[in-house]
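Engineer: structure of the sequence below:
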Amino acid sequence: MTHPLPGRRLSRAAIGVLAAAAMTGLASMPAVAFAAEPDLGVGPIAPITGAHPGSGVDLPFSVLNKGTEDVDKVWVSYSVTSGLAAADKYGNCEYHTEPSYDEAPEQSVAECAFDQTLKPGVVYVPDKPVGLKAQANALHDEVNVGIGTTEPGESDGGGSEPVPGTGAPLKLVEKGEATDEDRANHDKLYSIGEVTTENTADFSLTGAELDGKVGDKVTASVKFTNKGPAWVYRGLDQSATTVDIRIPEGTSVVKAHDYCDAVSKTHYTCGTSQAWVNKDGGETYPFVLRIDKVVDGAKGKVSFTGADRSFDKNPDNDTADIVVNAGAGDTTGGSSTGGSSTGGSSTGGSSTGGSSTGGSSTDGSTTGGSSTGTTTGGSSTGGTAAQSATGGDLANTGSDSTVPMVGASVAALIAGGGIFYAVRRRAAAGSN
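Structural biologist: As a prediction, this is how the structure comes out:
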């Protein structure tokens, strides 16, 4: 399960929906106002396996003009996730990087102009497979190939400046007349393939050891870290991993982290902010606990659950403990430790972990004990650990999500042109 934060920008998936709606409206206008669009398609990309970090990867693809007229010029775009990179830089292509945006990870993009005629009913392939290279962090990566007749516009996600390739140009050559099966297989303007590299990623858990007295509120910060070397990308609507947290006996949860769902009062499962986790990235899950009673030797357990982790070859750091060293507390006086009074200010003694004044509730704030991530009013400021400069938590940009529909539709049309990556975004948080 992924847990996006509120206040995000309108996602590109949503823009794609608006574009479709706008197109529907345009379709109701007189047909004479618009010329027929070429009917192009990209064929399926078979899964590529057996790559190793540093090795070359050949990417074959095919395109088809399914219409009845020649198409004089096309643009073919291909993008790869961060475990892959372009090995060859073709002279008719421009290369840039798209940073992570909403639900999509960082991608390297190539946009190639083919100033040649595509005959109707003919399958075309590149004169040589597109050259890619598996990076040190490669594991499960995606490659996307798209085709269009409109020159791609500027990046709308803050991408890098395009850099022209300096190698020999890539060309499209005829493979043969299209069969009925070819026409059925080239049904979209884009195609997505998977590249699997032989690599490992060490997922690690860190627990917490806390001291306090009965009545205290303490914060246990459980950490998940990907020690690499590979990044891990699960795909749309998936959590990079799921962390299972069992609360120590004798304590109760005052405030759980926002990425965590309660299975019971003492059992939580926690997802990640994105579908991927980079090397040295991860999450921190602060839990505010109240010490209710002393239970000698009580330990909470932290472990992984959910999706397969066959890439993780180190089981030694796959579990951790939450330990609370509790004392009996001071029962003399008026105010409770870490709690709040309901009348006026207490006069018979001071609290040791969060004083009460005039009946105001601190509702989970930790001012004593060994808190590692204080919260005020119940909301955590301990936060989640940033994944990386491009793959951290979903940011609250402060922009208004209620963008005027007409303006968004126009923007979507401008951003169109058959470029596959403009609409392929994870639209909502999912569950495991």
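Engineer: drop to CA atoms for contacts and neighbour counts, all remaining ones
Structural biologist: OK.
Engineer: hey, C-alpha coordinates of stretch 289-304 in CSV?
Structural biologist: What follows is stretch 289-304, C-alpha atoms only, in CSV (Å, rounded to 0.1, in the frame of the first residue of the first chain):
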residue,chain,number,x,y,z
LEU,A,289,3.4,4.8,22.8
ARG,A,290,1.9,5.1,26.3
ILE,A,291,3.5,2.9,29.0
ASP,A,292,0.5,1.5,30.8
LYS,A,293,2.1,-1.1,33.1
VAL,A,294,5.4,-2.7,33.8
VAL,A,295,5.9,-6.0,31.9
ASP,A,296,9.3,-7.6,32.5
GLY,A,297,11.0,-8.7,29.3
ALA,A,298,8.2,-7.4,27.0
LYS,A,299,9.4,-6.9,23.4
GLY,A,300,7.6,-5.7,20.3
LYS,A,301,8.6,-7.3,17.0
VAL,A,302,9.3,-5.7,13.6
SER,A,303,9.5,-7.8,10.4
PHE,A,304,8.9,-7.7,6.7
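Engineer: residues in contact with it: which ones?
Structural biologist: Outside stretch 289-304, the residues that touch it by CA atoms under 8 Å, 6 or more residues apart in numbering are 205, 207, 212-220, 222, 241-255, 318-324, 326-328.
Engineer: might you list the low-confidence residue ranges for the stretch 1-150 of the chain?
Structural biologist: Along the stretch 1-150 of the chain, the model assigns pLDDT under 70 to residues 1-36.
Engineer: for it, which segments are assigned as helices?
Structural biologist: Taking DSSP state H, counting those that start in this stretch, the helices of the stretch 1-150 of the chain run over residues 12-27.
Engineer: Thr251: neighbouring residues, count only.
Structural biologist: Neighbourhood size, Thr251 [other CA atoms under 10 Å]: 25.
Engineer: any low-confidence regions in the stretch 201-350 of the chain?
Structural biologist: The model of the stretch 201-350 of the chain has pLDDT under 70 over residues 328-350.
Engineer: now the strands for it?
Structural biologist: Secondary structure of the stretch 201-350 of the chain (DSSP state E, counting those that start in this stretch): strands located at 201-206, 208-213, 217-229, 232-233, 242-246, 251-255, 260-264, 267-270, 276-277, 282-291, 299-305, 319-327.
Engineer: for these, give me a markdown table that also has distance to Tyr90.
Structural biologist: Formatted as a markdown table, the strands of the stretch 201-350 of the chain follow (distance: least, CA to CA, whole Å):
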| stretch | distance to Tyr90 |
| --- | --- |
| strand 201-206 | 32 |
| strand 208-213 | 52 |
| strand 217-229 | 30 |
| strand 232-233 | 28 |
| strand 242-246 | 41 |
| strand 251-255 | 54 |
| strand 260-264 | 46 |
| strand 267-270 | 44 |
| strand 276-277 | 30 |
| strand 282-291 | 36 |
| strand 299-305 | 44 |
| strand 319-327 | 48 |
